[in-house]
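K.L.:
sharing a model that was predicted from the sequence below.
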Amino acid sequence: MRSIVSIILIAIIALGITLALIVIPFGEPKTEVGKYYIDKGIEDTGAVNIVTSVVLNYRGFDTLGEVTILFIAAIGIGAVLATQKKRKVEKKVTPASLILYTGCRFLFPLILLFGIYIFIHGHLSPGGGFQGGAIIASAFVLIYMSCQGRRLPVTLTKAIESLGGLVFVIVGLIGLGLGGYFLLNFLPEGVPNTLFSAGIIPIIYIAIGFKVGLELTGIIDNLIEKS
């Protein structure tokens with residue numbers, strides 16, 4: 001029975017791919033919006049990464065919604081875990097090997113540095129706040145799994161996370177006040193392909209990077225604490 005179902009699913013997928021290749025034409029963009037982003041993105045925003053210009057300028061308000069969803073998810077997980085009764089269980093934690101313990105201490109700052117690099121250069125190369133934040137969170141996963149007993153102070157993470165979200169909203173509201181719409185790029189766009197360019201986009205990506213990184217770290221911390 002499973003073999004028959006698998007064959008049917010494969011046939012459906014193959015049919016869908018075939019129809020997509022036949023129906024969807026290739027070549028020049030068929031929408032004026034997409035063509036405008038490609039032709040005018042660098043001129044309008046100063047960001048050579050067109051995806052960045054779309055995410056944080058043309059549809060910046062949408063990005064604020066995505067960050068808010070992640071924030072609500074973090075709160076929801078914390079609330080669910082907080083309702084469970086805390087039980088004191090004596091657990092014997094097996095210490096990590098010397099190689100693993102030394103390796104995690106060596107790699108941790110390098111992973112953090114790489115994550116920060118990703119979101120600082122998000123307007124110049126592939127990457128950005130969400131990607132850099134995920135890399136930062138992976139550094140803390142390494143610490144939690146290898147260097148057992150080490151935890152990030154909850155007060156510090158909440159403060160930095162809240163500051164990141166506040167910076168995003170404040171910069172967006174400044175643009176609203178100056179130009180009439182949220183996240184107006186009110187700073188000088190600078191010279192494309194340089195670090196100090198693209199106006200407010202690097203600032204927003206730094207705020208998103210720290211917020212996403214510490215929100216994911218907080219979720220991981222809560223789950224490890226309850227596991």
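P.N.:
Arrived safely, thanks for sending.
K.L.:
can you give me the helices for the chain?
P.N.:
According to DSSP state H, the chain carries its helices in the segments 2-23, 32-45, 50-53, 60-82, 98-120, 129-146, 154-179, 201-226.
K.L.:
give me the buried positions along the fourth one.
P.N.:
In terms of neighbour count (16 or more other Cβ atoms under 10 Å), helix 60-82 has its buried residues at G60, T63, L64, V67, L70, F71, A74, I77. Quick note: C-beta positions are derived from backbone N, CA and C, even for glycine.
K.L.:
got it, and the third one?
P.N.:
Buried positions in helix 50-53, judged by neighbour count with 16+ other Cβ under 10 Å: I50, T52, S53.
K.L.:
thinking again about what came up before, of the helices of the chain, which is nearest N193?
P.N.:
Using Cβ to Cβ as the measure, helix 32-45 is the one of those that comes nearest N193, at 9.3 Å.
K.L.:
helices or strands up against that closest one?
P.N.:
Secondary-structure packing of helix 32-45 (3 or more Cβ pairs under 8 Å, 6 or more residues apart in numbering; DSSP states H and E): helix 50-53.
K.L.:
distance from the helix it packs on to the middle of the chain?
P.N.:
Here the centre of helix 50-53 is set off from its chain's centre by 15 Å, with Cα atoms, centre = their mean, to the nearest Å.
K.L.:
now do stretch 10-19
P.N.:
32 Å.
K.L.:
cool, stretch 173-182 as well?
P.N.:
So, by Cα atoms, centre = their mean, the centroid of stretch 173-182 is 24 Å from its chain's centroid.
K.L.:
now it: mean pLDDT?
P.N.:
Within the predicted structure, the mean pLDDT of stretch 173-182 is 86.
K.L.:
what's the answer for stretch 32-44, then?
P.N.:
The predicted model gives stretch 32-44 an average pLDDT of 85.
K.L.:
dump the helices of the chain to CSV, plus distance to F186.
P.N.:
CSV is the format used below for the helices of the chain (distance: least, Cβ to Cβ, whole Å):
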stretch, distance to F186
helix 2-23, 42
helix 32-45, 12
helix 50-53, 15
helix 60-82, 12
helix 98-120, 20
helix 129-146, 19
helix 154-179, 5
helix 201-226, 11
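K.L.:
if we can go back for a sec, and the buried residues of helix 60-82 as JSON lines, adding distance to G46 and pLDDT?
P.N.:
Formatted as JSON lines, the buried residues of helix 60-82 follow (distance: Cβ to Cβ, whole Å; pLDDT from 0 to 100):
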{"residue": "G60", "distance to G46": "14", "pLDDT": "81"}
{"residue": "T63", "distance to G46": "18", "pLDDT": "85"}
{"residue": "L64", "distance to G46": "21", "pLDDT": "84"}
{"residue": "V67", "distance to G46": "22", "pLDDT": "84"}
{"residue": "L70", "distance to G46": "27", "pLDDT": "82"}
{"residue": "F71", "distance to G46": "28", "pLDDT": "82"}
{"residue": "A74", "distance to G46": "32", "pLDDT": "80"}
{"residue": "I77", "distance to G46": "37", "pLDDT": "79"}
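K.L.:
quick check: closest non-adjacent residue to the residue nearest to the spatial centre of the chain.
P.N.:
By Cα atoms, centre = their mean, the mean C-alpha position of the chain lies nearest to F130, the distance being 1.4 Å. Nearest in space to F130, with sequence neighbours left out and distances taken as Cβ to Cβ, 6 or more residues apart in numbering, is V212 at 5.5 Å.
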